[in-house]
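S.K.: when you get a sec, could you give me coordinates for this:
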Amino acid sequence: MQQLRRRLTTGFVVILTMLGSLLVGTLTAAPAQAATRDGVCDTGEICFYYNSDNSGSISDHGTADLADYGTDPATCYVFRTVGRAGHDQCIKNNAASVWNRTGVQVRVHYNSDFGGTWDTVAAGAKRNLTAAVKNNNASHDVTPLRTETCKNSFGNPRSCAGAVTWANNQVGATGWGGYCDRFVANAYGHANSGSTSAIVHWGQIPSTHRNAGDRSVPAGGLAFFRGGEYGHVMISVGGGTFVSNDIDGYNKISDATIAEVENEWGYTYLGWAQPWFQVNH
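M.R.: Numbering: from 1, shown residues only. The predicted model follows:
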């Protein structure tokens, strides 16, 4: 009988030990499985708010790039803080303010696939989004930041690569004094740009195709400046090099950089744009 009791007692202790191990394992595993997108802005996250001044429901994200927030209520990224304005609504074109707790820069884009104008949000910044993307947000990327490529989706006769080849072949040519906007239009196969000047051209390009202040201009992109009466525009051929008229002597086509135009002419760099021309719009 005593042997039976010992066996039962031993078995009971083994069962309790196994149950205890399972409970400890379950309790230990819980934090690792906790949801990261919980509507709370934690350290290491970029957080979008439905309302200005960091109020309303929150959509919190880790440090991965997001190319498209989506628009289908069944699958889109939504604001997750229950009981606040905007809860469960898609965040695309609905974010008004931001808190960047990732520790690095984050860029919020007007278009999907990291396109169009953007707002660069510094690490630790907690503020309203700039007017360019406030309630017009479609994607974001996290440092190291992506560079938008040249996209010839505007019906131009030449492609971005074709325009670059044409421009490079004109280096050393003359006869272009004062015709910067015509030069870049010719690069894309147009007789003229359809605009009266470079500065007018910049203003006519939709903001979705302009990248204000960005100096990482892809080959084929058009770099614009404010200065003088007409401004200036030149075409990127990649690697920080551009082809421009007049910078190496009036009337002549030569290689150039953004810094040369700023330093030699005192012009203000505005940013770069996709090859959009008024002539075919």
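S.K.: domains of the chain?
M.R.: Under the assignment automatic domain parsing, the domains of the chain span 35-146, 160-280.
S.K.: now do the shortest one: distance to the chain's middle.
M.R.: Going by Cα atoms, centre = their mean, to the nearest Å, the spacing between the C-alpha centre of domain 35-146 and its chain's C-alpha centre is 12 Å.
S.K.: try the longest one
M.R.: Its chain's C-alpha centre and that of domain 160-280 lie 22 Å apart, by Cα atoms, centre = their mean.
S.K.: check contacts around Ser207.
M.R.: When contacts are counted by Cβ atoms under 8 Å, 6 or more residues apart in numbering, Ser207 is found next to 110, 116-117, 132. Every C-beta, even on glycine, is put in place using the N, C-alpha and C of the backbone.
S.K.: now do Leu129
M.R.: Applying Cβ under 8 Å, 6+ apart, one finds that Leu129 lies in contact with 95-98, 108, 119, 121, 135, 137.
S.K.: sorry, back to before: can you flag the buried ones in the contacts of Ser207?
M.R.: Among the contacts of Ser207, those classed as buried by 16 or more other Cβ atoms under 10 Å are 110, 116-117, 132.
S.K.: was I right about Ser254 contacting Ser244?
M.R.: Yes: when contacts are counted by Cβ atoms under 8 Å, Ser254 is listed as touching Ser244 (6.7 Å).
S.K.: quick one: which of these two has more around it?
M.R.: Taking neighbours as other Cβ atoms under 10 Å, Ser254 and Ser244 compare with Ser244 leading, 26 against 17.
S.K.: in the stretch 1-150 of the chain, which spans are strands?
M.R.: With DSSP state E, counting those that start in this stretch as the definition, the stretch 1-150 of the chain shows strands at residue ranges 46-51, 55-61, 97-100, 106-109, 118-121, 126-128, 139-142.
S.K.: before we move on, the earlier item: dump the domains of the chain to a markdown table, plus mean pLDDT and distance to Phe154.
M.R.: Compiled in a markdown table, the domains of the chain are given as follows (pLDDT from 0 to 100; distance: least, Cβ to Cβ, whole Å):
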| stretch | mean pLDDT | distance to Phe154 |
| --- | --- | --- |
| domain 35-146 | 94 | 14 |
| domain 160-280 | 96 | 5 |
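S.K.: adding distance to Asn152, write the ones you listed out as TSV.
M.R.: As requested, the domains of the chain are arranged in TSV below (distance: least, Cβ to Cβ, whole Å):
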stretch	distance to Asn152
domain 35-146	14
domain 160-280	5
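S.K.: show me which pair in the contacts of Leu129 is furthest apart.
M.R.: The largest distance within the contacts of Leu129, taken as Cβ to Cβ, falls between Val121 and Asn135 and amounts to 15.5 Å.
S.K.: which one's more surrounded, the two?
M.R.: Comparing Val121 with Asn135 by other Cβ under 10 Å, the one with more neighbours is Val121, at 23 against 13.
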